[in-house]
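> A predicted structure for the sequence below; I have some questions about it.
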Amino acid sequence: MLPLLASNTTARGCELKGLKLGDINLLDRSLCIRRASTKTDAGARIVPLNELALWACARLLERAQKLGSTQPDHHLMPAALYQHKRKNDPVRGTGYDPTRPMNTWRTAWRSLTVEAGLTGLRFHDLRHHSITRMAEAGVPDHTLMAIAGHVSREMLEHYSHIRMEAKRDAVASLDRRVKAKPEVAQEAKPIAS
């Protein structure tokens, strides 16, 4: 569900790990990514949720509640206490701590990508992909920057990798215009009497 949420919201892994229950509003279909969980100075941003992201958020909320996250300030992805293996770690134990965020999902991500035949795919690539898809769909730059939390045009260009197929379609549209013009010109000729 996290990959689905990332690929439909442009959220970074660190932003997803920092989400709290109060950051998700299923009624307004939105996600609030706060400055504390983001790496830029863009501050908090509200990201609207499409159908897939809404579904993923609902499932993640159900999971969080089963793991003990019940308050708005509890984390959506609570820390697994059994992951703390050092003898002197004060939070070492069993269960989950909803007041602390999950540290990593590296092993699970690697297993998932190997199983899917996508070895080498980074979780962060989902962010690049969603930004590229929106750019190719014609989403205005300022809207894309607001959703992705970019503070500069340079970062937007770094993240949007317009596919070669989209570039081919763009230049092919020039051919369609050239072919269409002569036909219009012939129809527009005055009829001789």
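Arrived safely. Numbers count the residues shown, from 1 in each chain.
> any low-confidence regions in this structure?
Filtered on pLDDT under 70, the chain yields the residue ranges 36-43, 83-86, 89-93, 177-193.
> the longest strand along it pairs with which strands, parallel or anti?
Using DSSP state E to define each element, the chain has its longest strand at strand 96-101. The sheet places strand 96-101 alongside strand 78-80 (antiparallel), with pairing taken from DSSP bridges.
> name the residues of the partner strand that are buried.
For strand 78-80, burial by neighbour count (16 or more other CB atoms under 10 Å) applies to Pro78, Ala79. C-beta coordinates here come from the backbone N, C-alpha and C atoms, glycine included.
> for stretch 127-143, same thing?
Those would be Arg127, His128, His129, Ser130, Ile131, Thr132, Arg133, Met134, Ala135, Glu136, for stretch 127-143 by 16+ other CB under 10 Å.
> return the member of those residues nearest to Val151.
Nearest to Val151 out of those is Ile131 (CB to CB; 14.2 Å).
> confirm that the closest one sits in a helix.
Yes - using DSSP: H, G, I helix; E, B strand; the rest coil, the assignment for Ile131 is a helix.
> from what I can see it touches His158, true?
No - Ile131 lies out of contact with His158 (CB atoms under 8 Å); the separation is 9.4 Å.
> quick revisit: next, the buried residues of whatever helix or strand comes next after the longest strand of the chain.
Next along the chain after strand 96-101, taking DSSP states H and E as the criterion, comes helix 106-115. Under the neighbour-count criterion of 16+ other CB under 10 Å, helix 106-115 has Trp109, Thr113 buried.
> coming back round to it: what comes up buried for the longest strand of the chain?
Tyr96, Asp97, Pro98, Arg100, Pro101.
> can I get those residues in CSV with distance to Ala64?
Formatted as CSV, these follow (distance: CB to CB, whole Å):
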residue, distance to Ala64
Tyr96, 9
Asp97, 12
Pro98, 7
Arg100, 13
Pro101, 11
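> out of those, flag the one nearest to Arg110.
Relative to Arg110, the closest of the buried residues of strand 96-101 is Pro101; by CB to CB it sits at 20.1 Å.
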